[in-house]
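Colleague: got a sequence here, can you model it:
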Amino acid sequence: MPDLLLELRSEEIPARMQRRAAEDLKKLVTDALVARGFLYEGAKAFSTPRRLALHIAGLPARGEAVREERRGPRVGAPEAAVQGFLKGAGLTSLDQATTVTDPKKGEFYLAVIERPGRETLDVLAELLPEIIKSFPWPKSMRWGAASAEPGSLRWVRPLQSIVATFGPETETPEVVPFSVGGIAAGTVTYGHRFLAPEAIEVRRFDDYIQALERAKVILDPERRKDVILHDARDLAFARGLDLVEDEGLLEEVSGLVEWPVVLMGSFDESFLDIPAEAIRATIRANQKCFVLRKSGSEDLAPAFILVSNLVASDGGQAITAGNERVVRARLSDAKFFWETDKAIRLEDRLPKLDTIVFHEKLGTQGERIARIAALAKDLAPLVGADPDLAERAALLAKADLVTEMVGEFPELQGLMGRKYAALQGEHPSVCAAIEEHYKPVGPSDRVPSDPVSIAVALADKLDTLVGFWSIEEKPTGSKDPFALRRAALGVIRLIIESSLRFRVMELFYALSDIYRKKILTDFFVKNAVQARLFAPYRRVGDELKLDWEFDAIGGIYPNPYFVVNSCLRRFKLNEQIFVSTYRAWEIEGRPIYEASEYAETGFSITDGKDYVPDLFAFFADRLKVYLRDQGARHDLIDAVFALPGQDDLLMVVRRVEALGQFLDTEDGKNLLAGYKRAANILRIEEKKDGRAYDSAPDAALAEAGEPAERALAEALAKARETASVAVAREDFSGAMQALSTLRAPVDAFFQDVTVNAPDPKLRENRLALLNALRAATREVADFSKIEG
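Modeller: Here you go, the predicted model:
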C-alpha cells in the first residue's frame, strides 16, 4: 500500500520545541486522515534542528465509496421542509428520493446518497497546506517581503523547502501537489548545513533516510541521543573517568546537532574548590556540556564532554579550545561568587529580604520569613523537632536567595544555602532544612526525613497556601501561577508519609488570624499621617511609639482603644474588619470597636472563617488525587470526608484503607447491599410520609416483633457501640469488624420481616431500625457515597 513522506525544512528549530512539534505534526495529519475515512498501518514523526519529518505507512490509494441514507420529512409536509431536505441531500427533485412507510409514523421521504471514494493524493493536497498554515508553534514568526501581507505564513523559523511524496514501494511516488507561502512541495531536500549542503532528491522514506545519512544528518532524535551517550561514555572511560549523566541535557543537546561529534575538554583543577553543583550548573547552563567525575568516586574531574555539530579537520582541537576558554571564564565567575558569598553570614543577609516584595498584597520576603519561623517553631513539637532549631532553620531558609551564586543560578537555591550554613557552623539539621524545605517539589520527589526539615517545609507551604487564599488568588482551571496545587500536595505527602497527627483546619485558622491582623496593621501604617491626628505618642523603652502601632506578630501596644475608634471615625472604616478577630482585639473583655457606631462603607477584608473551609475543600481534592494515584477508590474517599471533623489527614487515609479492605470482603459487600436497600426504603417512605424516621427504635416493640427484628435491634446496638469505641481509639479495622457482624442480621431482617407492616407503630419502629442501621455505618463512613 502507498506511503506518505513529508518533510518541512527550515532554519534552526529551538531544541525545546522539536519533540512536541514532531508529535503535533503526526497527530494533526493522522487525525485529519482518519476523520476523512483514511486509515493507515503506522506513522512515525522525526525531528532535527532543521527539519520535521513524517512517514505514514499503509495508506489506501483511494478512499472507500460512501453510501448514506438520509431521512426526510413526512409525505405531504410543508414545501419549505421538503426544499430543505432536497438541498441538504443534494437532490434536485423528489423523484430522486424514495418513499418509506413506518407503521407508527406513516410515509416519509428517504434519500440514498452515494459518494465515490476520493483519491488520497487529492485529500493530502487539501489537508496538508491547512495543517502547515495553522501549525501550533508556541512561538512563530513571519519573514521576507510576504510578511507584510495579511495572512502570510507563520513558522517557528523561516520555512525553506517542503518534500511531500505519496505512492507505493513498487512504483515511483507522486509529488503531493500543493504549495504554502510560495513554497511548492517537491522531492528536493538538503543535508547538513556545512558538511553536505548540496541538494538531495528523494522519493520514498527508505531512500530519504539513507540519503540524509550520507549527507551527515541523523534523522531520528533517539538515535542521536544514543550516539551522544555511548560516545561520551566511551570517551570518558578511555580517560579513566565516569560520565555524569543528565537526561534533560541529553535531550536538549540532541536537538542542537544533526551529526553529533563528541569531544572532551578540560579546566584548571583549582576550580574544583567550587561546590560540585555550581560547577555542573555553570557548565550545563552556559555551554550545554556534561561534567565528568573520577572513576569510582563522587568527586568531579577537571574535564567535561561537549558535543559538536562538525567533523573538524583538526580533530576538534579548535572547537575544544574555544569551549575551554568560555568554561574557564564562567568558572572564574562562579569562583568569585563562591568566595564573595562565603564572606557574609546568612543572618547578615536577612535585612535585604525586607526590600524584596514576595507579593504586593502579602508583604516582603522578610515578613514572610518571620511568619514561617513562628509557625515552624509552633509545628516543631508536633513533628518531633527541636523548636529552636526549627525557628533558626526557617529564619535562614531564604537567605541564599540574595547570594551571588543563587542570583546567577536560581536552580541552586536551598542547596547553596545548606553549604553556606555548614561553613558558618550551623547545626546539621538546620543545614539540611535550608535545602530540604522546598521538598517535595513533585509527586516523584522524596519527602525529607529530618524533623526540622519537615517543620520548616510544612510552615513554608502552609503560609503560601493560606496567604494566597486570604487574597483570593486561587488556582482556576489549568492556571496555577503560584504552584498552589503543588504546595498542597507537598503538605499532604509530608503529613502522610511522615505519619504526622494534627488538625489541618486549626492551622489554617491560626494562620488566617495572622493575615487578618497584617491587613489591619498595613492599613494603619499606610494612613500614618492621618492617624497621628488622633493617636497620642507613648514612650516604649527609649522610643516614642504611636498607641496604634503594631508589633511583629500582629499584637498591639497598650491602650489602642482611643486610636482604633478614632481611625474608624476618621476613615469611616467598615466595622466588619474587626469582627471575628478574637480576644487579641479585646481590652479587659471589652471589644475595641463598637459596631453600632459605624455605617458600612464597603471597605472590608476577607474573613478567615469564610475562606478556610474553601481551602480545606481544595486540600480534600488534592488528597483524593494523591490517594487515587495510590490505588484508592474515589468514592471511599468521599465517604470518609462526608463525616464531620475529618481534617486529620493521616486518620482519613487509614480510615479509607480500612474501609477499602472491608468492602473487598463478602461481609462488606453484603452489608453495603443491605445498607443501600435500607436507605432506598427510608428515602421512599420519608418522602411519602413527609417526615424523618430518626428516632431511636422502641426496644419493647422490637422485642414483641419478629425474631429477625429482635436480632437486628440487638446486633445494631452492640455493633454501633463497639464501632464507636473502636473509632475513638482509632482502630478502624476493629470498627469495620464490628460492622461485619451486621451482615447476617440484616440479611435475615430483609428476608423474614415486612417493613411496611399494617400496624402503624410496628411500621414506624421498623423504619427506625433501618435508620439505626444507617446511623451505625456512619460511625466509620457515609455509605451513601459508596458506589455499588
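Colleague: contacts and neighbour counts: CA atoms only from here.
Modeller: OK.
Colleague: low-confidence bits of the stretch 1-150 of the chain, can you list those?
Modeller: In the prediction, the stretch 1-150 of the chain carries no residues with pLDDT under 70.
Colleague: run through the helices of it in chain order.
Modeller: Taking DSSP state H, counting those that start in this stretch as the test, the helices found in the stretch 1-150 of the chain are 15-35, 79-89, 120-133.
Colleague: from the contact counts, what lies against the last one?
Modeller: Here helix 120-133 is seen to pack against helix 15-35, strand 179-180 when contacts are counted using 3 or more Cα pairs under 8 Å, 6 or more residues apart in numbering; DSSP states H and E.
Colleague: who does the helix or strand following the shortest one touch, helix- and strand-wise?
Modeller: Downstream of strand 179-180, the next assigned helix or strand under DSSP states H and E is strand 183-186. Using 3+ Cα pairs under 8 Å, 6+ apart as the contact test, the elements touching strand 183-186 are strand 159-167.
Colleague: would you map the helices across the stretch 251-400 of the chain?
Modeller: Using DSSP H, counting those that start in this stretch, helices in the stretch 251-400 of the chain cover 276-287, 317-342, 350-353, 365-383, 387-396.
Colleague: and those helices, which is most packed in?
Modeller: Across the helices of the stretch 251-400 of the chain, averaging neighbours per residue (mean count of other Cα atoms under 10 Å) puts helix 387-396 on top, at a mean of 25.
Colleague: for Pro448, helix, strand, or coil?
Modeller: coil (DSSP: H, G, I helix; E, B strand; the rest coil).
Colleague: my read: it touches Val441, true?
Modeller: No. Counting by Cα atoms under 8 Å, Pro448 does not reach Val441; the two are 11.1 Å apart.
Colleague: these two: which is more packed in?
Modeller: Neighbour comparison, Pro448 and Val441: the larger count goes to Pro448, with 22 against 16 (by other Cα atoms under 10 Å).
Colleague: ok, the more buried one to Arg418 distance?
Modeller: Distance, Pro448 to Arg418, using Cα to Cα, to the nearest Å: 14 Å.
Colleague: try Val406
Modeller: Distance, Val406 to Arg418, by Cα to Cα: 12 Å.
Colleague: more crowded one of those two?
Modeller: Neighbours were counted for Val406 and for Arg418 using other Cα under 10 Å; Arg418 has more, 24 against 21.
Colleague: how about the contacts made by the more buried one?
Modeller: 431-435 (Cα atoms under 8 Å, 6 or more residues apart in numbering).
Colleague: which one, of the helices and strands packed on helix 120-133, ends up nearest to Leu494?
Modeller: helix 15-35 (32.8 Å; Cα to Cα).
Colleague: for the closest one, which outside residues touch it?
Modeller: Helix 15-35 has contacts (Cα under 8 Å, 6+ apart) with 39, 43-49, 52-54, 127-128, 131, 135-138, 252-256.
Colleague: now which of those residues would you call buried?
Modeller: Among the contacts of helix 15-35, those that count as buried by neighbour count (16 or more other Cα atoms under 10 Å) are 39, 43, 45-49, 52-54, 128, 135-136, 252-256.
Colleague: show only the entries of those found in strands.
Modeller: Among these, the members found in strands (DSSP state E) are 43, 45-48, 52-54.
Colleague: those into CSV, with extra columns for distance to Asp664?
Modeller: Below are those laid out as CSV (distance: Cα to Cα, whole Å):
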residue, distance to Asp664
Ala43, 43
Ala45, 45
Phe46, 48
Ser47, 49
Thr48, 52
Leu52, 51
Ala53, 51
Leu54, 49
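Colleague: before we move on, the earlier item: nearest to Asp333, of the helices and strands packed on helix 120-133?
Modeller: helix 15-35 (26.8 Å).
Colleague: quick one: that closest one to strand 42-48, angle?
Modeller: 160 degrees (axes from the mean of the first three to the mean of the last three Cα atoms, to 10 degrees).
Colleague: please save the CA atoms from helix 15-35 in PDB.
Modeller: Provided in PDB are the C-alpha atoms of helix 15-35 (Å, rounded to 0.1, in the frame of the first residue of the first chain):
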ATOM      1  CA  ALA A  15      15.600  22.300  20.800                       C
ATOM      2  CA  ARG A  16      12.900  22.600  23.400                       C
ATOM      3  CA  MET A  17      10.200  22.700  20.700                       C
ATOM      4  CA  GLN A  18      11.300  19.900  18.500                       C
ATOM      5  CA  ARG A  19       9.900  16.800  20.100                       C
ATOM      6  CA  ARG A  20       6.500  18.400  20.800                       C
ATOM      7  CA  ALA A  21       6.400  19.700  17.200                       C
ATOM      8  CA  ALA A  22       7.000  16.200  15.700                       C
ATOM      9  CA  GLU A  23       4.200  14.800  17.900                       C
ATOM     10  CA  ASP A  24       1.900  17.600  16.800                       C
ATOM     11  CA  LEU A  25       2.700  17.000  13.100                       C
ATOM     12  CA  LYS A  26       1.900  13.300  13.400                       C
ATOM     13  CA  LYS A  27      -1.300  13.800  15.300                       C
ATOM     14  CA  LEU A  28      -2.600  16.600  13.100                       C
ATOM     15  CA  VAL A  29      -2.100  14.700   9.900                       C
ATOM     16  CA  THR A  30      -3.200  11.300  11.100                       C
ATOM     17  CA  ASP A  31      -6.300  12.700  12.800                       C
ATOM     18  CA  ALA A  32      -7.300  14.600   9.700                       C
ATOM     19  CA  LEU A  33      -6.900  11.400   7.500                       C
ATOM     20  CA  VAL A  34      -8.900   9.300   9.900                       C
ATOM     21  CA  ALA A  35     -11.600  11.900  10.100                       C
END
